[in-house]
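Enquirer: A structural model of the following input is requested.
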Amino acid sequence: MILARALRTALVVASTSLAALVVTGCGEPAPEVPRRVLVFGIDGGDWDRAIPLMRQGKMPTLERLMRTGVRETLRSLPPGPAGEERLSPTIWTSAVTGMMPEKHGILHFVAPGPDGRMQPITSNQRRAAALWNMATARGLDVGVIGWLATWPAEPVQGYLVSSYTPYIFKWSSDPAGRPIKGTLVTGVPDQVYPPELQPVLEGMKVAPDSVDDRRLEARFTRHELPGVRDEDLQKSLDGMRWSWAADQTYLRAYEWLAAHPPTGRRPDLELAYFASVDVISHRFWKYMEPDTYTLGDVDPADVLAFGQSVESAYRCVDGVLGEVLGLEPDSSRVIVLSDHGFQENRDRQRTTSSGWHRPQGILLANGPGFRRGEHVGEGSVVDVAPTVLYALGLPIGADMDGRPALDLFEDDVVKKRAPEEIPSWEPEVERARAEAPKTSPVDREILERLKTIGYI
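Expert: This next block holds a predicted model:
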């Protein structure tokens with residue numbers, strides 16, 4: 001897939017280079033004014049689930065973006081050298097670095113610590129520049145909210161609200177029942193940059209224990225939750241409660257920072273991540289597709305109660321996207337993507353996941369310069385960073401594995417400006433990354449959770 005995109009890019013560039021010379025009348029490509037780019041991440045988003053809901057009018061925001069923009073199937077990362085599946089922190093890091101995991105260094109949810117023991121991954125273990133480092137190095141304002149593998153928060157020109165995997169936030173008495181996607185945790189250092197914003201944003205946190213059963217019923221089940229629950233169902237509901245609270249926390253942070261950007265202006269590049277579709281798809285897939293579930297029996301009463309929970313997760317994230325876009329100027333370019341799709345789980349080692357990953361994710365681009373109402377086939381997750389750089393008018397690193405997805409853009413855009421290339425972004429971002437905090441506490445309970453759901 002990487003080779004196919006590179007070949008298509010080479011053909012597009014070759015076919016437009018002469019046109020660019022004609023348009024500009026000289027050997028330099030015509031410059032393009034950078035526009036604001038918003039990258040909206042939906043963990044686990046899948047076209048096979050989203051498109052039917054759009055056709056039914058249940059995801060109006062995404063449907064409007066698709067109707068007036070361009071979409072493709074975004075292929076996730078291939079398995080690793082030993083056949084291992086690539087998981088969310090690894091994939092989302094490839095999306096913002098344009099590099100395969102062996103280059104950027106985030107290979108899992110966990111990595112060996114200085115003492116050789118496994119510990120959850122942290123941002124300082126990433127060996128490659130991310131989009132927010134690159135934008136900062138070129139003097140652009142940047143905002144990052146909730147992106148995986150971003151704690152401790154790195155210095156940027158703008159703000160970074162990191163994803164802190166909840167080492168300390170114990171809403172479940174059973175360590176294996178705790179979730180592994182991030183949120184804001186009161187009292188943990190280095191979650192926000194600039195640091196003076198952390199107390200403000202912590203005060204906006206939606207705590208999972210504030211999301212009672214009635215709110216879950218209204219948003220996800222549409223049926224009264226049973227008073228008597230087995231262990232599996234209770235953990236599933238806890239994950240639903242937590243993931244929705246985390247998404248709402250990040251949405252509140254997004255809205256506040258849109259009104260109070262620390263530099264005094266909205267960022268040129270903003271990235272925001274939301275996890276609930278993934279978390280709910282893992283636990284509630286069997287109620288949506290009981291006929292495909294081969295690892296046990298599914299109670300028909302539970303199918304009635306929870307069969308629409310995955311659909312509701314998609315509808316909720318569409319509502320979040322709608323609120324975010326309500327704060328965007330018409331000149332913004334918007335890219336919506338996922339790290340992978342979903343299908344039924346048939347692996348008996350993953351005892352609590354009835355849904356599991358499949359390689360086909362989503363990518364949708366909308367705004368000035370993007371094609372309208374088109375479907376252009378497939379791309380790779382490592383193409384995301386080069387594509388964002390091209391949209392911002394920044395060069396692509398020659399050491400990146402991905403290439404800009406020029407087929408997403410209108411022909412006139414590419415004719416006016418061929419992609420620029422530099423050898424690497426690393427020399428430009430080295431100093432800023434060296435100043436990032438190095439804290440990285442270890443929590444054994446998070447490792448137990450990873451083992452229970454089959455990630456390790």
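Enquirer: what about the stretch 151-300 of the chain, any weak spots by pLDDT?
Expert: Applying pLDDT under 70 to the stretch 151-300 of the chain flags the ranges 165-180.
Enquirer: ranges for the strands of it?
Expert: Using DSSP state E, counting those that start in this stretch, the strands of the stretch 151-300 of the chain run over residues 158-161, 192-193, 269-274.
Enquirer: mind listing what Arg315 touches?
Expert: Applying Cβ atoms under 8 Å, 6 or more residues apart in numbering to Arg315 gives the contacts Leu53, Lys58, Met59. Where C-beta positions appear, they are placed from N, C-alpha and C, glycine not excepted.
Enquirer: where does it sit: helix, strand or coil?
Expert: Judged by DSSP: H, G, I helix; E, B strand; the rest coil, the three-state class of Arg315 is helix.
Enquirer: any idea of the pLDDT on Asn124?
Expert: With respect to pLDDT, Asn124 scores 88.
Enquirer: could you measure from it over to Gly105?
Expert: 10 Å (Cβ to Cβ, to the nearest Å).
Enquirer: which residues of the stretch 301-450 of the chain score low on pLDDT?
Expert: Looking along the stretch 301-450 of the chain with the criterion set at pLDDT under 70, you get 432, 434-450.
Enquirer: hmm, 90 instead?
Expert: By pLDDT under 90, the weakly predicted segments of the stretch 301-450 of the chain are 301, 329-331, 346-352, 430-450.
Enquirer: for it, what spans make up the strands?
Expert: Using DSSP E, counting those that start in this stretch, the strands of the stretch 301-450 of the chain run over residues 333-337, 341-344, 355-358, 360-366, 374-380, 396-397, 421-422.
Enquirer: in its sheet, which strands sit next to the last one, and in what direction?
Expert: The strands beside strand 421-422 in its sheet (DSSP bridges) come out as strand 396-397 (parallel).
Enquirer: what of the fifth one?
Expert: Here strand 374-380 is paired, per DSSP bridges, with strand 70-75 (parallel).
Enquirer: for Val334, give me its contacts.
Expert: Val37, Leu38, Phe40, Leu65, Gly69, Leu325, Glu328, Leu364, Ala365, Asn366, Gly367.
Enquirer: now do stretch 43-63: everything it contacts.
Expert: In contact with stretch 43-63 (Cβ under 8 Å, 6+ apart) are residues 66, 71, 73, 88, 92, 181, 273-275, 277-279, 281-282, 310-311, 314-315, 317-319, 321-322, 325, 336-342, 357-358, 360-362, 364.
Enquirer: over to stretch 213-230?
Expert: By Cβ under 8 Å, 6+ apart, stretch 213-230 touches 233, 237, 240-241, 244, 280, 301, 304-306, 308-309, 312-313, 316.
Enquirer: of all the residues you listed, which comes closest to Pro114?
Expert: Pro114 has its nearest neighbour among the contacts of stretch 213-230 in Arg241, at 35.2 Å by Cβ to Cβ.
Enquirer: is it correct that that closest one is in contact with Ser210?
Expert: No. Contact criterion Cβ atoms under 8 Å: Arg241 and Ser210 do not qualify, at 9.3 Å.
Enquirer: those two: who's more crowded?
Expert: Legend: neighbour count by other Cβ atoms under 10 Å for Arg241 and Ser210, higher for Arg241 (23 against 11).
Enquirer: what's the separation between that one and Phe409?
Expert: 41 Å.
Enquirer: and what of Asp46?
Expert: Counting by Cβ to Cβ, the gap from Asp46 to Phe409 is 25 Å.
Enquirer: what is the nearest of the contacts of Val334 to Val188?
Expert: Checking the contacts of Val334 against Val188 by Cβ to Cβ gives Phe40 as the nearest, at 25.5 Å.
Enquirer: so who does that closest one touch?
Expert: The contact partners of Phe40, by Cβ under 8 Å, 6+ apart, come to Ala272, Phe274, Leu321, Val324, Val334, Ile335, Val336, Leu337.
Enquirer: most neighbours among the residues you listed, please name it.
Expert: When neighbours are counted by other Cβ under 10 Å, Phe274 leads the contacts of Phe40 with 28 neighbours.
Enquirer: state the distance from that one to Val320.
Expert: As judged by Cβ to Cβ, Phe274 and Val320 stand 6 Å apart.
Enquirer: which neighbours do these two share?
Expert: Asp247, Leu251.
Enquirer: distance from the chain centre to stretch 307-323, please.
Expert: Averaging C-alpha positions (Cα atoms, centre = their mean, to the nearest Å) puts stretch 307-323 16 Å from its chain's average.
Enquirer: revised request: answer the last question for stretch 251-266.
Expert: How far stretch 251-266 lies from its chain's middle: 19 Å, per Cα atoms, centre = their mean.
Enquirer: stretch 153-164 too?
Expert: 15 Å.
Enquirer: hmm, back to that, I'd like to know which of the contacts of Arg315 are buried.
Expert: Neighbour counting with 16 or more other Cβ atoms under 10 Å marks Leu53, Lys58, Met59 as buried within the contacts of Arg315.
Enquirer: how close does the second one sit to Gly319?
Expert: Summarising the geometry, the distance separating Lys58 from Gly319, computed by Cβ to Cβ, is 10 Å.
Enquirer: circling back: distance to Pro195 for the strands of the stretch 301-450 of the chain - can I get that in CSV?
Expert: CSV is the format used below for those (distance: least, Cβ to Cβ, whole Å):
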stretch, distance to Pro195
strand 333-337, 29
strand 341-344, 37
strand 355-358, 35
strand 360-366, 34
strand 374-380, 36
strand 396-397, 29
strand 421-422, 31
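Enquirer: what separates the residue lying closest to Phe306 once chain neighbours are set aside from Arg222, distance-wise?
Expert: Distances taken as Cβ to Cβ, 6 or more residues apart in numbering put Tyr287 closest to Phe306, at 3.9 Å, once the chain neighbours are dropped. Applying Cβ to Cβ, the value for Tyr287 to Arg222 is 12 Å.
Enquirer: neighbour count: those two, which is higher?
Expert: It is Tyr287, of Tyr287 and Arg222, that has more neighbours when counted by other Cβ under 10 Å, with 23 against 15.
Enquirer: next one, pLDDT for Ala135 please.
Expert: Note on Ala135: pLDDT of 97.
Enquirer: residue contacts, it?
Expert: Asp141, Val142, Val156, Gln157, Asp268, Leu269, Leu392, Leu394.
Enquirer: and for the fifth one, the neighbour number?
Expert: Applying the criterion other Cβ under 10 Å, we find 21 residues in the vicinity of Asp268.
Enquirer: list the contacts of the nearest residue to it once chain neighbours are set aside.
Expert: Take Asp268 and drop its neighbours on the chain: the residue closest to it by Cβ to Cβ, 6+ apart is Leu140, 4.1 Å away. Contact analysis of Leu140 by Cβ under 8 Å, 6+ apart lists Pro34, Gln157, Pro267, Asp268, Leu269, Leu392, Leu394.
Enquirer: burial measure for the second one, as a count.
Expert: The local packing count at Gln157 equals 19, with neighbours defined by other Cβ under 10 Å.
Enquirer: what do you get for the fifth one?
Expert: Neighbour count of Leu269, defined by other Cβ under 10 Å: 27.
Enquirer: that one against Leu392, yeah?
Expert: Yes. Leu269 is in contact with Leu392 according to Cβ under 8 Å; the separation is 6.2 Å.
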